[in-house]
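> Here is a sequence together with a model predicted from it:
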Amino acid sequence: MPGKQPKSQPLIVKLICISTVVGVPVNERVLDRLVQALKTLKSKGRKKNRALVRSITSLKNNDFKIEWEVRSSVCWILRMKQLPLLHHHVHELLKCLNPVSLHLDSNRRFREGLEILSEIDNCMDQISVSVASIWDSPSPADSQVNVETLTPFRRHRLVHSSQGILGIVSDVLGRFEGFISHFFVSDNPKLQTSSTNDSLVHLAVLDLGVVNFLIESLGQSDFVVFLREWSFRERLRNLDCPLTSLIILGNSSQIKRNPEKSLVRKQIEGLVTLYKLHRVLVLKICKFPHIKPGLIPETNFRELEALPVATSTLEYELEQIVQNLRLDHTRRPDFVKLTLAIDDLETAFKKIKDLLNQIFASPNHNFDREAYQYSQQWIQLWISQFNLAANNFFWISNAYITEKLTSIYY
């Protein structure tokens, strides 16, 4: 019939075409197993990644209840054995399935790739088990073998780095799965290989470099990492993205030009104010100790460690509310989520307020008196401003929830 799209070729016909292209008969069974293994591991890696994200969230919400220091070998095992082994196997997979030479003895490379993927699977399982145990009490054996003192900040860093590495590995596997599926199943594989060879290898090499950097950073002192992660430039880049996205959402036509969204628009405006105040606080803290006047002239490292956790918690709760506002609230559970997110934001603000007041409650004798008075006045002003902005946002949100529930049930 005119205009009717031709049926796509069955898999076996495509494989025969590719056999002609590369000059090597493709073992369909091995190919299917490889693609499925890549797809399964990619999904598995992302599931473990999400589990680690939940672990980080749990840490942030309960950090002040956690024992200050523990001695454990978990960090050493991850840093010296499990994470480097995962890095090694992913590097071997890159060499095995390199698109530049994949046409040379493809079936043998596919079989080797399956074996390497099995090793990667085992590594990911071991890493997840180790990370899951980071908040457990150390076993008796840990008191003797390769022990390290782990502060909450170091444990948080360990969880965060492991989460990042598993996420990177998942992305690498996903790109290889997409490439191999396309190359060996596409109707016209020739048109795709030249444009993807270099980028696939380049991205994988960059990813492995990030993995190696994360592993090496786990061996650095907490204070060195603290200063690097809280550098002024790094935090500025991280803080600008969510604020920009929120402003774009508020200026979108679906919000700005819709009279029924007036309370949502006011909520977004209130959140922008809260985000800006959060940004001001974090950047002020980031100026310690290089730029004067910083917020904190001098304080102990334990309190310094608590600051990133507290401010990250506040930022996380703001993000949860932003995600909730993107929903079209038509069901009661949506409002329950929004109410809980607002309660969590209030709790996060109370935590950071208590921490800041604690830092300035009993100043060290080495404090410069003028710098201390400046910092104390600044923080009290910030607390009062955030409190006003938060109360305004809570009032608008309660009005929004009441209005929506009334329209739904009455």
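It's in.

> So which residues of the stretch 1-150 of the chain form helices?
Per DSSP state H, counting those that start in this stretch, the stretch 1-150 of the chain has helices spanning 11-22, 28-62, 74-77, 83-96, 106-132. These are given in chain order.

> err, the stretch 151-300 of the chain, not the other one
152-185, 190-217, 222-229, 232-251, 253-256, 262-286.

> quick one: which of the helices of the stretch 1-150 of the chain is nearest Asp354?
Among these, the nearest to Asp354 by C-beta to C-beta is helix 28-62 (14.6 Å). The way it works is simple: take the backbone N, C-alpha and C, and place the C-beta from them, glycine included.

> average pLDDT across that closest one?
This predicted structure assigns helix 28-62 an average pLDDT of 72.

> Kindly report the same for stretch 86-101.
Over the span of stretch 86-101, the pLDDT mean works out to 87.

> Repeat that for stretch 173-193.
Model confidence over stretch 173-193, given as mean pLDDT, is 67.

> The nearest residue to Leu86 once chain neighbours are set aside: neighbour count?
Spatial nearest neighbour of Leu86, excluding adjacent residues (C-beta to C-beta, 6 or more residues apart in numbering): Cys123 at 4.0 Å. For Cys123, the neighbour count with other C-beta atoms under 10 Å is 22.

> so how far is Leu307 from Cys123?
Counting by C-beta to C-beta, to the nearest Å, the gap between Cys123 and Leu307 amounts to 34 Å.

> Over to Gln254?
Gln254 sits 37 Å away from Leu307 when distances are taken as C-beta to C-beta.

> who has more neighbours, these two?
Residue environment comparison for Gln254 versus Leu307 gives the larger neighbour count to Leu307, 23 against 9, counting by other C-beta under 10 Å.

> host element of that one?
Following DSSP states H and E, the helix or strand that holds Leu307 is helix 301-325.

> by contact count, what packs against the helix or strand just after that helix?
With elements assigned by DSSP H and E, the helix or strand that comes after helix 301-325 is helix 332-359. The elements that helix 332-359 packs onto, with contact taken as 3 or more C-beta pairs under 8 Å, 6 or more residues apart in numbering; DSSP states H and E, are helix 301-325, helix 369-409.

> can you list the domains in the protein?
In the domain annotation for the chain, the residue ranges read 11-220, 226-409 (automatic domain parsing).

> So Leu345 is in contact with Ile321, correct?
Yes: in this structure, Leu345 is within contact of Ile321 by C-beta atoms under 8 Å, at 6.4 Å.

> ok so, going back, let me know which of the helices and strands packed on helix 332-359 is the nearest to Val280.
Taking C-beta to C-beta, helix 369-409 is the member of the helices and strands packed on helix 332-359 nearest to Val280, at 7.0 Å.

> looking only at pLDDT, what's the mean for the closest one?
When pLDDT is averaged over helix 369-409, the result is 85.

> Kindly report the same for stretch 334-343.
If you average the pLDDT values across stretch 334-343, you get 81.

> List the buried residues for that stretch?
Burial within stretch 334-343, assessed by neighbour count using 16 or more other C-beta atoms under 10 Å, is assigned to 335, 337-338, 341-342.

> Same check on stretch 253-267?
Using 16+ other C-beta under 10 Å as the burial criterion, the residues of stretch 253-267 that qualify are 255, 261, 263-267.

> likewise stretch 91-111?
91-94, 96-99, 102, 106, 109-111.

> Over to stretch 396-410?
By neighbour count, with 16+ other C-beta under 10 Å as the criterion, the buried positions of stretch 396-410 are 396-397, 400-401, 404.

> And stretch 82-92, by the same measure?
82-87, 89-92.

> Name the residues that touch that stretch?
Applying C-beta atoms under 8 Å, 6 or more residues apart in numbering, the external contacts of stretch 82-92 come out as 116, 119-120, 123-124, 126-127, 130, 162, 165, 169, 172, 204, 208, 211-212, 214-215, 218.

> Please pick the buried ones from those residues.
Among the contacts of stretch 82-92, those classed as buried by neighbour count (16+ other C-beta under 10 Å) are 116, 119-120, 123-124, 126-127, 130, 162, 165, 169, 172, 204, 208, 211, 214-215, 218.

> ok, now how distant is the closest residue in space to Ala389 that isn't next to it in sequence from Leu388?
Once flanking residues are discounted, Ala389 sits nearest to Thr273: 4.6 Å by C-beta to C-beta, 6+ apart. Using C-beta to C-beta, one gets 9 Å for the distance from Thr273 to Leu388.

> Looking at the two, which one has more neighbours?
For Thr273 against Leu388, the residue with the higher neighbour count under other C-beta under 10 Å is Thr273, and the figures read 17 against 12.

> show me the contacts for the more buried one.
Applying C-beta under 8 Å, 6+ apart, we find Thr273 in contact with 389, 392-393.

> And the buried ones among the residues you listed, selectable in PyMOL?
Applying 16+ other C-beta under 10 Å to the contacts of Thr273, the buried members can be selected in PyMOL as follows:
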select buried, resi 389+393
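
> mind giving me CSV with the contacts of Thr273 and columns for distance to Ser199?
Output for the contacts of Thr273, formatted as CSV (distance: C-beta to C-beta, whole Å):
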residue, distance to Ser199
Ala389, 45
Asn392, 48
Phe393, 44
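
> wait, which of the contacts of Thr273 is closest to Phe153?
Proximity of these to Phe153 was ranked by C-beta to C-beta; the top entry is Ala389 with 28.5 Å.

> Now Gly45: closest residue in space, sequence neighbours ignored.
In space, not counting the residues next to it along the chain, Gly45 is nearest to Ser170; the distance is 3.4 Å by C-beta to C-beta, 6+ apart.

> Could you double-check that that neighbour lies in contact with Lys42?
Yes: under the criterion of C-beta under 8 Å, Ser170 is in contact with Lys42, at a separation of 5.4 Å.

> List the contacts of Gln126.
With C-beta under 8 Å, 6+ apart, Gln126 has these contacts: Gln82.
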